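Asker: Got a sequence here, can you model it:
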Amino acid sequence: MLYIVYLSGVANSGQLRGIGNNVPEYTSAGEYFYEGTKNLNKTETVFAKDWFVLNNAADLNRKLKEFCVYYEAMDQVISLLWE
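Answerer: Prediction:
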């Protein structure tokens, strides 16, 4: 399964969507918005609970891969997530 998440704006501005309307901090997208760091040409392992509201406790530590495409001029990120 592939999920595509589009993020735009300044972190914690209310424009971003995620758990609690914030970009998950410990993700590649979060590193970009909170620290200005880009993970170019590499994937990162993240947890499903960081990106999604989960109803099944067994999914809380489910690992996903994340790859980001950055458009710095518009302060935007497309985050691709898959298992």
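Asker: Show me what the longest helix along the chain is in contact with.
Answerer: Residue-count comparison of every helix in the chain, with assignments taken from DSSP state H, identifies helix 28-35 as the longest. Here helix 28-35 makes contact (CB atoms under 8 Å, 6 or more residues apart in numbering) with 5, 7, 10-11, 16, 23-25, 37-39, 44, 46, 66-68, 70, 77, 79. The way it works is simple: take the backbone N, C-alpha and C, and place the C-beta from them, glycine included.
Asker: if we go to 6 Å?
Answerer: Helix 28-35 has contacts (CB atoms under 6 Å, 6 or more residues apart in numbering) with 7, 11, 23-25, 37-39, 44, 66, 68, 77, 79.
Asker: Equivalent analysis for stretch 56-65, please.
Answerer: For stretch 56-65, the external contacting residues (CB under 6 Å, 6+ apart) are 43, 45-46, 48-49, 81-83.
Asker: lowest-pLDDT helix or strand in this protein?
Answerer: strand 2-8 (a mean of 73; mean pLDDT, DSSP states H and E).
Asker: What is that one packed up against?
Answerer: With contacts defined as 3 or more CB pairs under 6 Å, 6 or more residues apart in numbering; DSSP states H and E, the secondary structure elements packing on strand 2-8 are strand 76-82.
Asker: show me where pLDDT drops low in this protein?
Answerer: Low-confidence segments of the chain, defined by pLDDT under 70: 8-21.
Asker: same thing but at 50, please
Answerer: Across the chain, the ranges flagged by pLDDT under 50 are 11-17.
Asker: In it, which residue is most central in space?
Answerer: Note on the chain: the residue nearest the mean C-alpha position is A29, at 4.4 Å, using CA atoms, centre = their mean.
Asker: hang on, the earlier thing: which two among the contacts of stretch 56-65 are spaced furthest apart?
Answerer: In these, two members sit farther apart than any others by CB to CB. They are T43 and K49, at 18.4 Å.
Asker: Which of the contacts of stretch 56-65 has the largest number of neighbours?
Answerer: Looking at those with neighbours defined as other CB atoms under 10 Å, the largest count falls to L81 at 23 neighbours.
Asker: wouldn't that residue be in contact with L2 here?
Answerer: No - applying CB atoms under 6 Å, one finds L81 not in contact with L2, separated by 7.3 Å.
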